[in-house]
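Colleague: Output the structure for:
(4 chains)
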2 protein chains.
Amino acid sequence: MVFMMNPTQSHLINTAIALFLGRGYGAVGTAELCRAAGVNKGTFYHFFASKAALLAAAIARYADDLGAEFDTIARSDLTPSEKLVALFGVPERANQAWKDDDGVAQGCLVGNMTLELGGEEPEVRAATLAALAKWKASIRPILAACREEQEPKIPLSDAQIDADANRIISLLQGGLLLAKAYDAPEHIGAMAPVALAMMTAPAAI
Amino acid sequence: MVFMMNPTQSHLINTAIALFLGRGYGAVGTAELCRAAGVNKGTFYHFFASKAALLAAAIARYADDLGAEFDTIARSDLTPSEKLVALFGVPERANQAWKDDDGVAQGCLVGNMTLELGGEEPEVRAATLAALAKWKASIRPILAACREEQEPKIPLSDAQIDADANRIISLLQGGLLLAKAYDAPEHIGAMAPVALAMMTAPAAI
DNA sequence: CCGGTCCTTGACCGATGGGTCAAATCAAAT
DNA sequence: ATTTGATTTGACCCATCGGTCAAGGACCGG
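Modeller: Residues are numbered from 1 along each chain as shown, chains lettered A, B, ... in the order given. Next up is the predicted model:
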């Protein structure tokens, strides 16, 4: 999918990411999308079967980009706890940049589309689930290292780590939602200490 | 606003809550709204200046209802920690009920609309901010009691309690987002232990 | 110079979007 | 019984919606 993609198609995807993030799926029409990308209707439908298909592709690219940043953190030489905290810096910086450039914190494409479209548009739902799965895969090793560091003796269950990963995603998305609500990206970083508290809680969660 | 409201208007608001929650703002048209409420277009625009105005009213009612449940918990005779955990049961039960009835967990109207509409539609944004403020007001005394119980000596700063309240809202909304993504209401309750860990963290957050 | 494939054009389609309006109906209050 | 104001009706407006299509370019290996 990522190899040798047609530049027009690629540009359409980038335009979609920017517009859907900023104004939502329903509020952005195909005509506006084409105008913004400098492309004609026919070209749009040459590359994508539908508006929903474009969104699915946009989510996939967005998820890849963000996942790559998570992986970079996971592979860095920070301590597990520092890595955990660093995760929250990624969406926070992105939202701060949007706020500086466009005047508004826009949240996260995956979170936004999940709440706007829910179960409708099956291919979009599939794309969001794939995005969450990818992010969880990037985060899981960090959490395993955190638990290891804390209680080296106790063997880690996969289910436990998976539940932890879900909670970290929730923390990120909860912070992102508040950031968009208040147009204040710092709410994202404010959840990092909670993640830390959760991973070091005396009572096993 | 709540006194002696016209029944037709009230019914329109309830219909709006159900439809916008389930399918999003952009995906539900005024015609469908009217059909579902058994009302004509003209009647709709007799009571509401626009589709956005109806949404604002729907958010206000939704926020009142949920806030009342939070208040009931706050005034109960549970311990502060138990109250904190009980908060998460409210949206979890609502989503479980939707899942049982309609087949899908629908999230939270305020969270859904915040991510779908963001800064657009000023009156909607005002309604969501009011909703968050109301919920925070209900939650704040519970958090103050938790802190009190933990460290009776240290005086509580309003800013600290406010930051705590924001984090609890984030926890709730993060859980709600995952619940909608996976159509699994239990992700909401899964955030309760995190709230507990946060309020009892050895390192002050 | 050819044939074929990929890409692009822009006009066009029926349906639906949010919103308006003049006229009809209803419920008191006089 | 009449007036008055709030409520309700349903036809109507036009812009925009997502999507289609027949025709042309652009670029290829041969």
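
Colleague: In the helix or strand encompassing A:Arg35, which residues are buried?
Modeller: Using DSSP states H and E, A:Arg35 sits within helix A:30-37. By neighbour count on 16 or more other C-beta atoms under 10 Å in any protein chain shown, the buried set for helix A:30-37 is A:33-34, A:37. Placement of C-beta: from N, CA and C, glycine included.

Colleague: cool, stretch A:53-66 as well?
Modeller: In stretch A:53-66, counting by 16+ other C-beta under 10 Å, buried: A:53-63, A:66.

Colleague: Can you find the residue of chain A that comes nearest to DNA strand C?
Modeller: Scanning chain A for the residue nearest DNA strand C gives A:Gly42, at 2.1 Å (criterion: C-beta to the nearest atom of the strand).

Colleague: which regions of chain A sit below the pLDDT cut-off?
Modeller: Within chain A, the ranges that satisfy pLDDT under 70 run A:1-3, A:203-205.

Colleague: three-state assignment of the residue with the largest distance to the centre of it?
Modeller: The centre of chain A is farthest from one residue, A:Lys153, which by C-alpha atoms, centre = their mean lies 33.3 Å away. Secondary structure, DSSP: H, G, I helix; E, B strand; the rest coil: A:Lys153 is coil.

Colleague: Next, it: phi, psi?
Modeller: The phi/psi pair for A:Lys153 (degrees, to the nearest 10) reads phi -80, psi -50.

Colleague: next one: the one 10 residues further on
Modeller: Backbone geometry at A:Ala163, expressed as degrees, to the nearest 10, gives phi -60, psi -40.

Colleague: Same question for the helix ranked longest in chain A: list its buried residues.
Modeller: Scanning chain A for the longest helix, with DSSP state H as the assignment, gives helix A:122-150. Neighbour counts over helix A:122-150 (16+ other C-beta under 10 Å) mark A:124-125, A:127-128, A:130-132, A:134-136, A:138-147 as buried.

Colleague: close to chain B, is it?
Modeller: Yes - using C-beta under 8 Å from any C-beta of the partner chain as the criterion, contacts between helix A:122-150 and chain B involve A:128-129, A:132.

Colleague: What ranges does chain A have for its helices?
Modeller: With DSSP H as the criterion, chain A has helices at A:7-23, A:30-37, A:41-47, A:51-74, A:80-102, A:109-117, A:122-150, A:158-182, A:186-189, A:192-199.

Colleague: Now for the closest residue to chain B within chain A: which residues touch it?
Modeller: Proximity of chain A to chain B (C-beta to the nearest C-beta) peaks at A:Gly26, 2.0 Å away. Listed by C-beta atoms under 8 Å, 6 or more residues apart in numbering or on different chains, the contact set of A:Gly26 reads A:116, B:24-27, B:116.

Colleague: Most widely separated two among these?
Modeller: B:Ala27 and B:Glu116 (9.5 Å; C-beta to C-beta).

Colleague: So between those two, which is more surrounded?
Modeller: For B:Ala27 versus B:Glu116, the count of surrounding residues by other C-beta atoms under 10 Å in any protein chain shown is larger for B:Glu116: 25 against 18.

Colleague: just to revisit the earlier point, adding distance to DNA strand C, write the residues of helix A:122-150 next to chain B out as JSON lines.
Modeller: Formatted as JSON lines, the residues of helix A:122-150 next to chain B follow (distance: C-beta to the nearest atom of the strand, whole Å):
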{"residue": "A:Thr128", "distance to DNA strand C": "24"}
{"residue": "A:Leu129", "distance to DNA strand C": "27"}
{"residue": "A:Leu132", "distance to DNA strand C": "30"}
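
Colleague: Pick the one among these closest to DNA strand D.
Modeller: Of all those, A:Thr128 has the smallest distance to DNA strand D: 18.4 Å, by C-beta to the nearest atom of the strand.

Colleague: touching DNA strand C at all, stretch A:48-62?
Modeller: No - using C-beta under 7 Å from any atom of the strand, stretch A:48-62 stays clear of DNA strand C, coming no nearer than 11.2 Å.

Colleague: Do any residues in that stretch lie close to chain B?
Modeller: No - remark: stretch A:48-62 sits outside contact range of chain B, by C-beta under 8 Å from any C-beta, the gap being at least 11.7 Å.

Colleague: Not counting its own residues, what contacts that stretch?
Modeller: A:1, A:9, A:12-14, A:16-17, A:20, A:25, A:30, A:33, A:44, A:109-110, A:113, A:121, A:123-124, A:126-128, A:130-131.

Colleague: how many other residues sit next to A:Leu115?
Modeller: Neighbourhood size, A:Leu115 [other C-beta under 10 Å]: 27.

Colleague: Could you verify my assumption that it touches B:Lys180?
Modeller: Yes - if you go by C-beta atoms under 8 Å, A:Leu115 and B:Lys180 touch, sitting 6.2 Å apart.

Colleague: Identify the contacts common to those two.
Modeller: B:107, B:112.

Colleague: Identify the residues contacting the residue lying closest to A:Ala37 once chain neighbours are set aside.
Modeller: Computed as C-beta to C-beta, 6 or more residues apart in numbering or on different chains, the closest residue to A:Ala37 that is not its neighbour in sequence is A:Thr15, at 4.1 Å. A:Thr15 makes contacts with A:33, A:36-37, as judged by C-beta under 8 Å, 6+ apart.

Colleague: Ok, A:Cys34 next?
Modeller: Counting by C-beta under 8 Å, 6+ apart, A:Cys34 touches A:40-41, A:43-44.

Colleague: How much space separates it from A:Leu176?
Modeller: Plainly put, A:Cys34 is 29 Å away from A:Leu176 if you go by C-beta to C-beta, to the nearest Å.

Colleague: just A:Met191 next, same as before
Modeller: 9 Å.

Colleague: cool, and A:Leu54?
Modeller: According to C-beta to C-beta, A:Leu54 stands 22 Å off from A:Leu176.

Colleague: go on, A:Arg140?
Modeller: 20 Å.

Colleague: just to revisit the earlier point, the longest helix of chain A - contacts with which helices or strands?
Modeller: Using 3 or more C-beta pairs under 8 Å, 6 or more residues apart in numbering or on different chains; DSSP states H and E, the elements in contact with helix A:122-150 are helix A:51-74, helix A:80-102, helix A:109-117, helix A:158-182, helix A:192-199, helix B:158-182.

Colleague: Having no further points to raise, I will conclude here.
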